[in-house]
Every structure is written in structure tokens, then in C-alpha cells.
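> Mind looking at a prediction? Sequence and model below.
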Amino acid sequence: MNSFENKKHISRFKLIIRLLWMVKNHKWLMLQAIFYGILNHLTNILLIVYGAWLITGIFLLPSYFPSIFELILLFILAIIKAVSAYMEQIKNHDVAFRLLADLRVQFFEKLEPLTPGNLIRKRSGDLISTIGGDIEMIEVFFAHTISPIVIAGSISVFILSFLGFWWILLPFFIFPFYFTLGVIIPIFYERFIRKNGKVIRNTLGSTNAHLIDSLQGIKTILLFNQGKSRLQQIADNGLLLNKVKRKSSTNAGLLIGIINLVIFTADIAIIIAAIQGFAINILDIRGVIVVIVATISSFGPLSAISSISHHLTQTFAAAERLFNIIDEKPIVVDSPDCSSETPERFDITFKNLSFKYSPEEPLILNDFNLKIPQGSKIALIGESGSGKTTILRILLRFWDFESGEIFIGGKDLKKMYQKNIHEIIAIVEQDTFLFDLSIKDNIAMGNYNVNMEDIIKCAKMANIHEFIMSLSEGYDTQISELGDKLSSGEKQRIAISRALIKNAPILLLDEPTSNLDTLNENALQKTLNTIIQDKTVIIVAHRSSMIANVDNIFLLKDGKCCEIGNWDNFVVNGKYNPEKVSLTNYTDNNM
């Protein structure tokens, strides 16, 4: 399902105002683009009209030949036209690309607080389509709409004034055609194909999302022999997109035909009007030719406005998709009475906590209570879906809870800024994400103020140092260069190094050894037992090795802590088997 289908509709007027408002920071660049655009089209018309004036003089006036000055003036107009055309393109695209850069920054700034609560039901491919395709599509408005409209209006006023100079009735012959090309066709055509533009952007987003899903899951597709089936789905999506775009192309052809018909009719009208002026001795033959040439050469800016209406429908659809995400309210918002003070102690209390992911879903946590003294190590165990990982996410304020309270060091979690919460908590999750940076930079992301010695120290603690040094570039090796050569366990150990280097007083471990073999798991256990001595630690685990040396184990069931115990209560005595298999007792002697 498309992530954007149920989003609110934004009127064209509001979209245009919002897009225009973005230009205010680059208004001087836009004004320069408009100036050069007017100069470009104006000199183009003057060049043609002046050339026609000189040529008709040669044929109609006895003993006339253009002077050196007149020929030089013609050459100067040509130079001005060339330079202004170049500068118009430079300035238009300069301001457009600056605005697109601003949009990308604004999009990420708005997207960051939406994570993960608001984005969990959005497909990553659809978001990528918005970041890439939709934002790029808005370039049409900034580079090919704003200044062309002003230019077309200015040139039209100039030509109408020029025609009125020759004969006061001529502007009345041409104005209806100008108005049709510049106002009627763009407005009515855009309304005519508005729905199609939105369908194209949404279909393209769904197609990209499906393709990205296929690339991300290509190994699974191959393992389950679903290659042909998936390929057929991709082909079907492509055919659907082609069908939608074919309709758009048909409409574009219709638009071009209408524009050409209007221009052709206008050309005939000005010829008839000029001949009529000649017949009543208002225009001479030279004036007739100049008037006709000036009018015919003036339709370029207006036809561009009419043509751009075809692309604007997709531009507005892309802007609507983008603004719907930007306007989305985060699930978790810092309270106005938040304090930036960091807690002096780091005990954690969950009091009567209730939570569900959406109003229509059942409660994951129901009147949940838990007290974790500072410096203690506790483990959360329970069946999948019992709420173990949810507790960690709520503590990080990734989600807001229905009711209840959480305190860190006696401070209400909801009265602490999210950034301050994240500063005092480090986490190692099951699913590890590494950025396309060097290994060194990925580790240092936990604390950019550290030196190389600290990075190496934490890598050794996570038992990844030797592997890193075996690489040709060592810690400077780019993650992208390793590709699939980097195993899940190696990725997880780099992530553990990143958490260790943060040196936060609270450490959350969500199945930190799920991708490690026994040898590396035992080595990491020794490291964890050393570094967590002075930290408040919450461990979510299914492996018995991770809960062997904690102070307390809490069993979650039906959204509550239904039992509290230790290693002997839960594992040795067989009351609870986290792995659902026969266990070997895990004690310090095994390390």
C-alpha cells in the first residue's frame, strides 16, 4: 500500500504560496534570472524585427543600404541575446538547485523527529522516491515556472505597447491570444490532467518501493526460488507505470496541438489586421511586415508557459507528497517545560506504564512497573512480542506511552529533552546499520571527540581490532568497499565498539550477541562484564549466556513483569528456558 494515499489534500494555491515563500532567501538570484530572461527574449524579438526593418528597407527604399552603425547595432543585439540567454539559464538553475538543496535539508530536519514512530508504516522506497524524484521534480517550478511567467508577462506588455504604437487597434486583435496561451490553457489544462499527475507520482513511488524491496531481499528471493515471480511483479509494475505515463504523453501531444493551433490562428489574425491597416492607410508595407514579424516572434515565452503546465501537474503532486511528510506531526515532541539538566544519578523507574503502537492495536505494556537501581544489571526475558524491545524504545523516547511515568535519576522522562536522553544512553541493537564511511568514523560516531587510541581500545574490547587490522586500509577502510565480505557478526562488533566509545552511564543491549559465534560471544561477555561495572544496564536476551551474571531477571508476560528472579530461579532450575533448548549452565568459570 502506498504510504501517501491517505494524506491530506493541499490546494494548488497553498502549494504555490509555500513554494514561492521558499524563494525569499534567494530573491536576488531570482530577480537576476528574470532580468536576464526579459533581456534575452526582448533582444531576440528586437533582433528579428530590426533585421526585418533593414531588409525591407533594402527592397522598398531606393538607394538604401544599412550603414555600418546599423549593422554593428544588429551585431550588438546578437551578442546581448547570446550572453543574456546564457546568464538566464545559469541564474535560473542556480536558484533552483539552491532551493532543492534547502528542500533536502528541510526534509531531513523534519524527517529526523518522525523516526521511528511515524515512519514505521512508510515504505523506504517511497521515501527514497520523495527524496530523489519528487524533490527533483519541484525543480520545474523553480527553474522553469517562476521567472518564465514574469518574463512572458513583461514581453507581452512590451509587444502590445509596440503594436499600439503602430496602430491602436492591433493590441485588441492579439491580446485574446496572449491571454489564452498565458492564462486559460495553463489553468484549464492543469486541472484537466491534475489527477493523472498525482497518479504518476504515487505509482512511481510504489514502483520504486517494490524495486528497492526486491534489491534488499534478493538473497531471500533466490533462496526461495522466487526470482521469476518477483521479476514478473516488477514487469507488471513497469507496465502499469508505462500505462499511466502513456496517458500523460497523449495529453502532452494534445496540449502541443492546442498551443500550435492558437499560435497559428493568432498569426493569421495579425496578418489580416495588418493588411486591414494597410488598406486604410494606417500602416505602410514596411510597417505591415514589422508588425507581423514582431507578433509572430513574441509567442515563444507564452508557448513555454502553456507547455510547462503539463509538467506542473506532476510538480504539484510531488510537492504535495513532500509537504505532507514535512507537515506530519512527530509522535514524540519535547514538552515546553523540559529541562536540559542531566540527572545526577541513573536509576530507572517505570511506573504504571501502558503502551500500544496504534489506537486500534492491543496494549503491548499494561500497567508495567519496574525499578532498576543505579549500577545494576538486569535482564528482560519473555516470549517474542511480550514488549522487551518496546521498553527500550520507549526509554529512548522513540515512542510515547499511553499512560504512566518513567523516571531517570528521579527526573521525569517526559520533562527531559530527547537529545539529552540520547546523550546518557547507549544501545546495541539486533539489527546493525553501518554508514558508508570508514570503519574508524563508524566507531567514532558514538563520540566524535575521541582520539585514535580510544577507537582502537574499544575495538579491542569488542574483539574486532584484529579483523580490522587484517584489512589493507585498516581503520580507514570504507564500509562500501567491503560489501558482503563484512559478516553480520563483524558488523555487530563494530556497532558494539560504537556503543562502548560513547561511554554513556546507561547501556541498553538488545540481543547484542545474536549474530556472534560462541568464541566471539565468550570474548564479548568478558568485555561486557568488565565495562558495565559502573553502568545501569538493561539486557534483552534469548541466549542464556547473556543473563548468567545479571543482578535480576524479569519475566514479561501480558505486558507486565510477572516474575522476578536470578539465574538459578529461571534457568538452572528449568523454570524458563530462553532458547527453548537444553542449556549448559553458564557461569564465570566458563569465561
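Here it is on my side, so go on. On a predicted model such as this, the values are computed, not experimentally measured, just so you know.
> mind listing the strands in this structure by residue range?
Along the chain, the stretches classed as strands by DSSP state E are 348-355, 365-372, 377-381, 403-408, 411-412, 425-428, 506-510, 536-540, 552-557, 560-565.
> Got the domain ranges for the chain?
Domain segmentation of the chain under automatic domain parsing yields 12-326, 348-590.
> Show me the one of these that comes nearest residue 338.
Closest to residue 338 of those is domain 348-590 (Cβ to Cβ; 4.9 Å). Using the backbone N, CA and C atoms, a C-beta is placed for each residue, glycine as well.
> re earlier: could I get the domains of the chain in TSV, plus columns for distance to residue 338, mean neighbour count and mean pLDDT?
TSV is the format used below for these (distance: least, Cβ to Cβ, whole Å; neighbours: other Cβ atoms under 10 Å; pLDDT from 0 to 100):
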stretch	distance to residue 338	mean neighbour count	mean pLDDT
domain 12-326	14	17	85
domain 348-590	5	17	80
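> Including distance to residue 339, could those domains go into JSON lines?
Conversion of the domains of the chain to JSON lines gives the following (distance: least, Cβ to Cβ, whole Å):
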{"stretch": "domain 12-326", "distance to residue 339": "19"}
{"stretch": "domain 348-590", "distance to residue 339": "6"}
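> which stretch among these comes nearest residue 334?
Nearest of these (Cβ to Cβ): domain 348-590, 5.4 Å.
> just to revisit the earlier point, a markdown table for the strands of the chain, including distance to residue 292?
As requested, the strands of the chain are exported to a markdown table (distance: least, Cβ to Cβ, whole Å):
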| stretch | distance to residue 292 |
| --- | --- |
| strand 348-355 | 76 |
| strand 365-372 | 80 |
| strand 377-381 | 85 |
| strand 403-408 | 79 |
| strand 411-412 | 79 |
| strand 425-428 | 75 |
| strand 506-510 | 78 |
| strand 536-540 | 82 |
| strand 552-557 | 86 |
| strand 560-565 | 88 |
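> wait, residue 98 sits on residue 30?
No - using Cβ atoms under 8 Å, residue 98 makes no contact with residue 30, being 10.0 Å away.
> now the helices for the stretch 201-350 of the chain?
Along the stretch 201-350 of the chain, the stretches classed as helices by DSSP state H, counting those that start in this stretch are 218-223, 227-279, 285-296, 299-326.
> now the longest one, how far from the chain's geometric center?
How far helix 227-279 lies from its chain's middle: 30 Å, per Cα atoms, centre = their mean, to the nearest Å.
> Report the angle between it and helix 299-326.
Going by axes from the mean of the first three to the mean of the last three Cα atoms, to 10 degrees, helix 227-279 is angled at 140 degrees with respect to helix 299-326.
> Then the third one?
Helix 285-296 and helix 299-326 are oriented at 20 degrees to each other (the same axes, to 10 degrees).
> Return the distance of helix 285-296 from the chain's centre.
Put simply, helix 285-296 sits 51 Å off its chain's centre (Cα atoms, centre = their mean).
> From the contact counts, what lies against that helix?
helix 27-60, helix 146-166, helix 227-279 (3 or more Cβ pairs under 8 Å, 6 or more residues apart in numbering; DSSP states H and E).
> Save these as a markdown table, and put in distance to residue 114 too.
As requested, the helices and strands packed on helix 285-296 are arranged in a markdown table below (distance: least, Cβ to Cβ, whole Å):
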| stretch | distance to residue 114 |
| --- | --- |
| helix 27-60 | 30 |
| helix 146-166 | 30 |
| helix 227-279 | 27 |
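> for the ones you listed, which one sits closest to residue 337?
Judging the helices and strands packed on helix 285-296 by Cβ to Cβ, what sits closest to residue 337 is helix 27-60, at 38.7 Å.
> quick one: the closest one to chain centroid distance?
Here helix 27-60 is found 41 Å from its chain centre; the criterion is Cα atoms, centre = their mean.
> who does that helix touch, helix- and strand-wise?
Counting by 3+ Cβ pairs under 8 Å, 6+ apart, helix 27-60 packs on helix 68-111, helix 146-166, helix 285-296, helix 299-326.
> nearest to residue 173, of the helices and strands packed on helix 285-296?
For these, the distance to residue 173 is smallest for helix 227-279, at 4.4 Å, taking Cβ to Cβ.
> Tell me what angle the closest one forms with helix 146-166.
Using the same axes, to 10 degrees, helix 227-279 lies at 20 degrees relative to helix 146-166.
> heads up, I number from 51, so please use that
Shifting the count to begin at 51 puts that one at helix 277-329.
> other SSEs contacting helix 277-329?
Checking 3+ Cβ pairs under 8 Å, 6+ apart, helix 277-329 ends up next to helix 220-229, helix 235-242, helix 244-266, helix 335-346, helix 349-376.
> let's see 6 Å
Judged by 3 or more Cβ pairs under 6 Å, 6 or more residues apart in numbering; DSSP states H and E, the packing partners of helix 277-329 are helix 220-229, helix 244-266, helix 335-346, helix 349-376.
> Okay, angle between the first one and helix 196-216 too, please.
To tie it back to what came earlier, the one meant is helix 220-229. Using the same axes, to 10 degrees: helix 220-229 against helix 196-216 is 160 degrees.
> Pull the distance from helix 220-229 to the chain's centre.
44 Å.
> cool, and the second one?
Here the centre of mass of C-alpha atoms in helix 244-266, compared against the chain's by Cα atoms, centre = their mean, lies 14 Å away.
> try the last one
With Cα atoms, centre = their mean as the basis, helix 349-376 stands 19 Å off its chain's centre.
> ok, now stretch 64-74?
Distance, stretch centre to chain centre, for stretch 64-74: 18 Å (Cα atoms, centre = their mean).
> then that stretch to CSV, C-alphas only?
C-alpha atoms of stretch 64-74 as CSV (Å, rounded to 0.1, in the frame of the first residue of the first chain):
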residue,chain,number,x,y,z
LYS,A,64,-1.4,26.9,-0.8
LEU,A,65,1.2,24.8,-2.7
ILE,A,66,2.2,27.8,-4.9
ILE,A,67,2.4,30.1,-1.9
ARG,A,68,4.6,27.7,0.0
LEU,A,69,6.9,27.2,-3.0
LEU,A,70,7.1,30.9,-3.6
TRP,A,71,7.8,31.6,0.0
MET,A,72,10.9,29.4,-0.2
VAL,A,73,12.3,31.8,-2.9
LYS,A,74,12.6,34.7,-0.4
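> Tell me which of the helices and strands packed on helix 277-329 sits nearest to residue 478.
So among the helices and strands packed on helix 277-329, helix 244-266 is nearest, using Cβ to Cβ, at 22.4 Å.
> now the helices for the stretch 451-600 of the chain?
Using DSSP H, counting those that start in this stretch, helices in the stretch 451-600 of the chain cover 468-474, 489-494, 502-511, 515-519, 529-532, 538-552, 568-581.
> Can you lay out those as TSV showing distance to residue 358?
Formatted as TSV, these follow (distance: least, Cβ to Cβ, whole Å):
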stretch	distance to residue 358
helix 468-474	43
helix 489-494	44
helix 502-511	53
helix 515-519	54
helix 529-532	39
helix 538-552	48
helix 568-581	60
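> hmm, back to that, for residue 387, which of the domains of the chain is the nearest?
Taking Cβ to Cβ, domain 398-640 is the member of the domains of the chain nearest to residue 387, at 6.0 Å.
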